[in-house]
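> here is a sequence with its predicted model. Questions after.
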Amino acid sequence: MEANTVLLSQLSGYPVSELIGMAVVDLFAQEVRDDVKAKIQTGYEKIYESVGLTKAGATFPVEVQAREFLHENRRVRCAAIRNLSERYKVMDELRESETKFRAVVTGAHDAIIMIDGHAKIIFWNKAAERL
C-alpha cells in the first residue's frame, strides 16, 4: 500500500479500500465539485484552493496542485491535496493578535516607537507623534 493512499485515507476519513476506484470529486464539497471537474477536464495545473469533504461530511480548506503526464501510453493526472486547516487557524490567530496589538498601541498614552533590525523606524503611535 502506498504511503500517499494512507495519507489520503487519514485526510478524508475513508478507508483505503473505499478510496480505490472512488471518483476524486467525491472528496470535495458539493458546492465546489463543478469547479474541480472543470479544472480536471481542462488540465488545469496551477495551485488553487478548494473545500475538501470527509467521509463524515465535515468540510475543510484544501490546496490542490495537479499535473498531467503520460504513463504507459495513457494520459494520467497526479494531484497533491494539502489540508489548510492549520494554516488558516494560524492566520486567524495572527489577525487576532494584530488586532489586539493595534488596540493597545493606538490607545496607549505613552509614546511607542518600533524599529527594525537596521534601527529604522517602522511604526509609531499617536502619543509618539505628539511627543
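Received, thanks.
> over to Ile20: give its phi and psi.
Note on Ile20: backbone dihedrals following degrees, to the nearest 10 are phi -60, psi 120.
> state the distance from the residue nearest to it when sequence neighbours are not counted to Leu11.
Leaving aside its sequence neighbours, Ile20 sits nearest to Thr5 (Cβ to Cβ, 6 or more residues apart in numbering; 7.7 Å). Quick note: C-beta positions are derived from backbone N, CA and C, even for glycine. Separation of Thr5 from Leu11 (Cβ to Cβ, to the nearest Å) stands at 11 Å.
> neighbour count winner among those two?
Taking other Cβ atoms under 10 Å, Thr5 and Leu11 do not tie; Leu11 has more neighbours (16 against 12).
> which parts of the longest helix along the chain are buried?
The residue-count maximum for a helix in the chain (DSSP state H) belongs to helix 85-107. Applying a neighbour-count criterion of 16 or more other Cβ atoms under 10 Å, one finds Val105 buried in helix 85-107.
> quick one: least confident helix or strand in the protein?
helix 3-12 (a mean of 82; mean pLDDT, DSSP states H and E).
> for that helix, C-alpha coordinates in CSV please.
What follows is helix 3-12, C-alpha atoms only, in CSV (Å, rounded to 0.1, in the frame of the first residue of the first chain):
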residue,chain,number,x,y,z
ALA,A,3,2.1,6.0,1.7
ASN,A,4,0.1,8.6,-0.4
THR,A,5,-3.0,6.4,-0.3
VAL,A,6,-2.7,6.1,3.5
LEU,A,7,-2.3,9.9,3.9
LEU,A,8,-5.4,10.5,1.7
SER,A,9,-7.2,8.0,3.9
GLN,A,10,-6.2,9.9,7.0
LEU,A,11,-7.2,13.2,5.4
SER,A,12,-10.6,12.1,4.1
